[in-house]
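Peer 1: task: produce atomic coordinates for the following.
(chains A and B)
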Amino acid sequence: MSEVKEKKPSGSRKWTARILTLVVLIAIAAWMFVIGRGHTVYFDNKTLELENGESIGTLQRVDVYVNGNRVARLAKRERGMATWIGQNFKMTLEITKEKGDEPYTQEVAIDLPYSLDGIVVNLPGYLAGRSQDEWMSEFVPVASSTTEEDEEIITDEFGLGDM
Amino acid sequence: MNKKKFSLGEFLRGNSVPIMFILICAFCIPISGFSPTYLLNEIITRLGRNAFLILSLLIPIMAGMGLNFGMTLGAMAGEIALILVSDWQIWGIPGVVLAMIISIPFSVALGLLCGKILNMAKGREMVTSYIISYFINGVYQLVVLYMMGPIIPIAHSSIKLPRGYGIRNTVSLLNMRQCLDDLLAIRVSGVKIPVLTLIIIALMCLAIVWFRKTKLGQDMRAVGQDMDVARDAGIQVERTRIISIVISTVLAGFGMIIYLQNMGNLSTYSSHSQIGMFCIAALLVGGASVDKASIGNVFLGVILFHLMFIVAPSAGAKITGDSMIGEYFRVFVSYGVITVALVMYETKKRRAKQSLGRQLEEDQRKGEKA
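Peer 2: Next up, the predicted model:
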């Protein structure tokens, strides 16, 4: 006797395909949401004042390389910045601790918190091996002292626009 | 076999618009004074920027719905997705991909609405879709200007208007600017070739070629040729037409995202307003008509139309001493080419109807004699 194959109704197959497509799209979207999160990382070469009154002094000079490009050359009390996509931030530091010292290179990997747009990393604190709470903080843009005027909305029904 | 003879007159009549544009460009290029490298760079950039958007117009033409002015709806969906992605700070290629995925539900909903309305206005699809785009533009402005902030959460003050709700005139897409174009870009004697963008466009072309051969593609072509015959053959005409508009709207959304990632900023209230018009004009310049368009027309159209766009202001300034003349000229040509195409389409339709009538009359006369 030949085996009788039950044919699935085409409607249910169609719905399965639709749901599967939807699930795949949501999964890709969620993945992009995680891997695409952009951060602005600020590097400070400033003295780190700790809660216990201790302070960590500045470095003579720090060159910061991100993805092979030098993004900042920091003298004492200077700040640099770089943009980064994702949470696993990597940079290479070329550090000169004291005047006249030979510079040395150090690879740095930092896990960036997802929720923060701007992150300040205090380099002397990080290099001194302190805890993350001490050398990492959120960058809060300083609010403008003057109230910003509302901008006029311009619609372009018949103009050339961006063309 | 009955081989069709080549007729120069017929060829010129059939390709009058591209020939006219080739002549305009040939006249304007030397006057403009631009170097070939500059022109090539600009053309390749604009090809990568616009080709996907124009490809989205092919499917409704296949389904006999003419030039889909409703592609603006997809463009608005793409813009809403980009605003959200910018606010969530998703950058680079993940931002582009996420924006494309987010635009899909908006595009599908708008495409369904547009398709349903167009089914109620058969034979008047183009003007109807044109007006729908204005109607949805109003809804878009309501959403973006009043709902984004209080109802749809927008966190960043760089996107939000100072009053606390609504989106600013310009949204910066700097963090995703040209991320697709730059990923596999190569430089050939000073000309930047955005390989990844061109690969995406090539894949889209292959998908369209494949789609034409599928059952749905064949149904669309049948509907495009004759709706009554297609209905008699068991094709769900209305459903097929709606699907064609939905696909076109979704592709237009993707195209708009590719377009804006190349530009690097989004003019919230104006980026989409003329996009349909210029894409349609480019397609027509490439030799397409209201009822027939091919992938070749898309590429020829982008090259010729944008070449004219680049050289016309400079050539106009050199000829007349006023750069605005060239500016007016290119706007005039954009609208003019659409008008000419519509007039030619209507004339062709009337001629075909008249010749059919004459044929019928002749047959009747012959029958009476017999």
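
Peer 1: okay, now residue A:29: neighbour count?
Peer 2: 18 (other Cβ atoms under 10 Å in any protein chain shown). The C-beta positions use only the backbone N, C-alpha and C, and glycine is treated the same way.

Peer 1: before we move on, which element is it in?
Peer 2: helix A:10-35 (DSSP states H and E).

Peer 1: what are the pairing partners of the helix or strand following that helix, and which direction each?
Peer 2: Proceeding N to C from helix A:10-35, the next assigned helix or strand is strand A:38-45, under DSSP H and E. Next to strand A:38-45 in the sheet, as set by DSSP bridges, lie strand A:78-85 (antiparallel), strand A:118-122 (parallel).

Peer 1: may I have stretch B:18-25 exported as CSV, CA atoms only?
Peer 2: C-alpha atoms of stretch B:18-25 as CSV (Å, rounded to 0.1, in the frame of the first residue of the first chain):
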residue,chain,number,x,y,z
PRO,B,18,16.3,60.1,-24.1
ILE,B,19,17.6,61.5,-27.4
MET,B,20,16.5,65.0,-26.5
PHE,B,21,18.3,64.7,-23.2
ILE,B,22,21.4,63.3,-24.7
LEU,B,23,21.5,66.4,-27.0
ILE,B,24,20.8,68.7,-24.0
CYS,B,25,23.7,67.1,-22.1
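
Peer 1: report the buried residues of it.
Peer 2: Within stretch B:18-25, the residues scored as buried using 16 or more other Cβ atoms under 10 Å in any protein chain shown are B:18, B:21-22, B:24-25.

Peer 1: quickly find the element holding residue A:51.
Peer 2: Judged by DSSP H and E, residue A:51 forms part of no helix or strand.

Peer 1: how many residues are close by it?
Peer 2: Here the count is done by other Cβ under 10 Å, and residue A:51 has 7 residues near it.

Peer 1: name the nearest residue to the one residue in the stretch 51-200 of chain B that gets nearest to chain A, sequence neighbours excluded.
Peer 2: Per Cβ to the nearest Cβ, the residue of the stretch 51-200 of chain B with the smallest distance to chain A is residue B:94, at 2.5 Å. Of all residues not flanking residue B:94 in the chain, residue A:36 sits nearest, at 2.5 Å (Cβ to Cβ, 6 or more residues apart in numbering or on different chains).

Peer 1: what of residue B:182?
Peer 2: Excluding the flanking residues, the one nearest residue B:182 by Cβ to Cβ, 6+ apart is residue B:194, at 7.4 Å.

Peer 1: does the one you found touch residue B:51 like I think?
Peer 2: No. With contact defined as Cβ atoms under 8 Å, residue B:194 does not reach residue B:51; the gap is 10.9 Å.

Peer 1: can you pick out the residue with more neighbours from those two?
Peer 2: residue B:51 (28 against 23).

Peer 1: list the contacts for the more buried one?
Peer 2: B:201, B:298-299, B:302 (Cβ atoms under 8 Å, 6 or more residues apart in numbering or on different chains).

Peer 1: and residue A:127, how close does it get to residue A:120?
Peer 2: Using Cβ to Cβ, to the nearest Å, one obtains 15 Å as the distance from residue A:127 to residue A:120.

Peer 1: list the contacts for residue B:78?
Peer 2: Residue B:78 touches B:99-100, B:103, B:107, B:252-257, B:260, counting by Cβ under 8 Å, 6+ apart.

Peer 1: so who does the closest residue to residue B:70 other than its chain neighbours touch?
Peer 2: Using Cβ to Cβ, 6+ apart and skipping the chain neighbours, the partner closest in space to residue B:70 is residue B:129 (3.7 Å). When contacts are counted by Cβ under 8 Å, 6+ apart, residue B:129 touches B:68-70, B:114, B:118.

Peer 1: and the closest residue to chain A within the stretch 201-350 of chain B, how many neighbours?
Peer 2: The stretch 201-350 of chain B approaches chain A most closely through residue B:270 (3.0 Å), counting by Cβ to the nearest Cβ. Counted with other Cβ under 10 Å, residues neighbouring residue B:270 total 19.

Peer 1: returning to that earlier point: among the contacts of residue B:51, which are in strands?
Peer 2: Nothing among those maps onto strands, per DSSP state E.

Peer 1: of the residues you listed, which is the most crowded?
Peer 2: With neighbours defined as other Cβ under 10 Å, the most crowded of these is residue B:298; it has 29 neighbours.

Peer 1: count of residues packed around the spatially closest residue to it that is not a sequence neighbour?
Peer 2: Leaving out its chain neighbours, the residue that sits closest to residue B:298 by Cβ to Cβ, 6+ apart is residue B:54, at 4.8 Å. Number of residues near residue B:54 (other Cβ under 10 Å) recorded here: 29.

Peer 1: wait, residue B:54 sits on residue B:302?
Peer 2: Yes. Taking Cβ under 8 Å as the definition, residue B:54 is a contact partner of residue B:302 at 6.4 Å.

Peer 1: need the overlap of contacts for those two.
Peer 2: residue B:282.

Peer 1: doesn't the residue of the stretch 201-350 of chain B closest to chain A belong to a helix?
Peer 2: No. If the criterion is DSSP: H, G, I helix; E, B strand; the rest coil, then residue B:270 is coil and not within a helix.

Peer 1: so who does residue 43 touch?
Peer 2: In the absence of a named chain, chain A is used. A:62, A:64, A:72, A:74, A:79-82, A:91, A:121, A:123.

Peer 1: look at chain B instead
Peer 2: By Cβ under 8 Å, 6+ apart, the neighbours of residue B:43 are B:302-303, B:306-307, B:310.

Peer 1: ok, now with 6 Å
Peer 2: By Cβ atoms under 6 Å, 6 or more residues apart in numbering or on different chains, the residues touching residue B:43 are residue B:303.

Peer 1: distance of it relative to residue B:338?
Peer 2: 22 Å.

Peer 1: check residue B:173 too.
Peer 2: 29 Å.

Peer 1: residue B:133 too?
Peer 2: Distance from residue B:133 to residue B:338, by Cβ to Cβ: 14 Å.

Peer 1: more neighbours, these two?
Peer 2: For residue B:133 and residue B:338, the more surrounded residue by other Cβ under 10 Å is residue B:133, and the numbers stand at 25 against 21.

Peer 1: ok, and the closest non-adjacent residue to that one?
Peer 2: In space, residue B:133 is closest to residue B:72, 3.9 Å off (Cβ to Cβ, 6+ apart).

Peer 1: the one you found: what's it in contact with?
Peer 2: Contacts of residue B:72 by Cβ under 6 Å, 6+ apart are B:133, B:272, B:276.

Peer 1: any idea of the mean pLDDT in the helix or strand harbouring it?
Peer 2: Applying DSSP H and E as the criterion places residue B:72 in helix B:71-87. Taken as a whole, helix B:71-87 has an average pLDDT of 95.

Peer 1: look up phi and psi at residue B:142.
Peer 2: With angles defined as degrees, to the nearest 10, residue B:142 sits at phi -60, psi -50.

Peer 1: residue B:271 too?
Peer 2: Residue torsions, per degrees, to the nearest 10, at residue B:271 are phi -60, psi -40.

Peer 1: let me know the distance separating it from residue B:47.
Peer 2: Note on residue B:271: its distance to residue B:47, by Cβ to Cβ, is 19 Å.

Peer 1: check residue B:59 too.
Peer 2: As defined by Cβ to Cβ, residue B:59 lies at a distance of 20 Å from residue B:47.

Peer 1: also residue A:104?
Peer 2: 49 Å.

Peer 1: coming back round to it: helices - which of the contacts of residue B:51 land there?
Peer 2: Judged by DSSP state H, the contacts of residue B:51 include B:201, B:298-299, B:302 as members of helices.

Peer 1: report the two of those residues separated the most.
Peer 2: Spanning the widest gap among these are B:201 and B:302, at 10.0 Å by Cβ to Cβ.
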